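> What follows is a predicted protein model with its sequence.
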Amino acid sequence: MARIQVGGSRSSSGKWILILIVIIIIGAVGGLFYYYNNLKNTTEMTAEAVSYLITYETKKDTQLYFVRIKNQSRKIFILKSPDNIYYSDKGLYIDSLNPEEALTNFEQMFDIDPSTIKYHFILKEDNIPEVMTNIKGTGNNIDDLFNYLKIRKSGILDILTANKLVESVRKYGNTNLSFNGAFAFLEAFSNYSITSYDKLVIKTLLSKPVSINVPDLKKQIERNYIDNTTLETLKTILE
């Protein structure tokens, strides 16, 4: 009996497998770009303003960075402040232990419209190198972080970078930073103009905080009284 061999069946099967793989890859890439484009239309990216409070802890002291992102005008304001500041004119106290209240009080202090979205997180000086590595940069302090954020290019890989940023800050303490909040933070720094904290610095009347006894609470608190003259100048910039 003669053997009949159907030629090309194996090569034909291999061709269809290759086509299937290409279709899967195209679908995955298309889905990724669709997700990326949708992230650019989240509430964080379309709101008039989003406020962030970064508590920066060093061996020497704790500093606060109030970051205000204005999407409509495509601007970012970074305001540097000592911890435990007190604005006597409005009775506003701002400290790192109450970040939600601190964000609200910063906005009230400067008479600016409150943000509907507010995020806060902690960065520790010793952990900055890890954070920098996770966002593909190098550096050892918060100045290095801000300087890198200004020059980095945004792109589809920010989907991964934003997730790593959230994972990093969640290790260091109290935070409500979400993935969408981290993504919007990275995108804004890459694409908006920045008025930095070298120009926006809250100054205090004294070089050291004033210690105040609070008998009702049975504790002592420290207050850095704000220099109102410099505050009025800052208000005109943050409007």
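That came in fine, so what should we check first? A quick note: this is a predicted structure, and the numbers were derived from the prediction, not measured. Numbering: from 1, shown residues only.
> Distance of Val169 relative to Ile21?
Val169 sits 38 Å away from Ile21 when distances are taken as Cβ to Cβ, to the nearest Å. In this view, the C-beta of every residue, glycine as well, is placed from N, C-alpha and C.
> who's more crowded, these two?
A count of neighbours by other Cβ atoms under 10 Å puts Val169 above the other of Val169 and Ile21, at 22 against 10.
> Give the closest residue to that one in space, chain neighbours not counted.
Phe121 (4.2 Å; Cβ to Cβ, 6 or more residues apart in numbering).
> what about that neighbour, neighbour count?
23.
> next one: Ile194
There are 16 residues near Ile194, going by other Cβ under 10 Å.
> Repeat that for Leu205.
13.
> Next, it: phi, psi?
phi -70, psi -30 (degrees, to the nearest 10).
> For it, give its distance to Tyr87.
11 Å.
> one step back: which secondary structure element is home to the residue nearest to Val169?
Per DSSP states H and E, Phe121 falls inside strand 117-124.
> which residues in this protein form strands?
49-57, 62-70, 75-82, 85-87, 92-94, 117-124, 193-195, 210-214, 219-225 (DSSP state E).
> Can you tell me which of the ones you listed is nearest to Leu177?
Nearest of those to Leu177, taken as Cβ to Cβ: strand 117-124 at 4.7 Å.
> Can you name the residues that contact Glu48?
70-72, 113, 115-116 (Cβ atoms under 8 Å, 6 or more residues apart in numbering).
> Distance of it relative to Ile117?
10 Å.
> pLDDT below threshold where in this protein?
1-12, 20, 27-36, 213-219, 239 (pLDDT under 70).
> Please name the nearest non-neighbouring residue to the most centrally placed residue in the chain.
What sits nearest the mean C-alpha location of the chain, by Cα atoms, centre = their mean, is Phe185, with 4.4 Å. Excluding the flanking residues, the one nearest Phe185 by Cβ to Cβ, 6+ apart is Tyr52, at 6.5 Å.
> What's opposite that neighbour in the beta bridge?
Beta-bridge pairing for Tyr52 (DSSP bridges): Val67, Tyr119.
> Which positions in stretch 223-231 come out as buried?
223-224, 226, 231 (16 or more other Cβ atoms under 10 Å).
> same check, this time on stretch 116-128
For stretch 116-128, using 16+ other Cβ under 10 Å, the buried residues are 117-124, 128.
> and of those, the nearest to Met109?
For those, the nearest to Met109 is Lys118 (14.6 Å; Cβ to Cβ).
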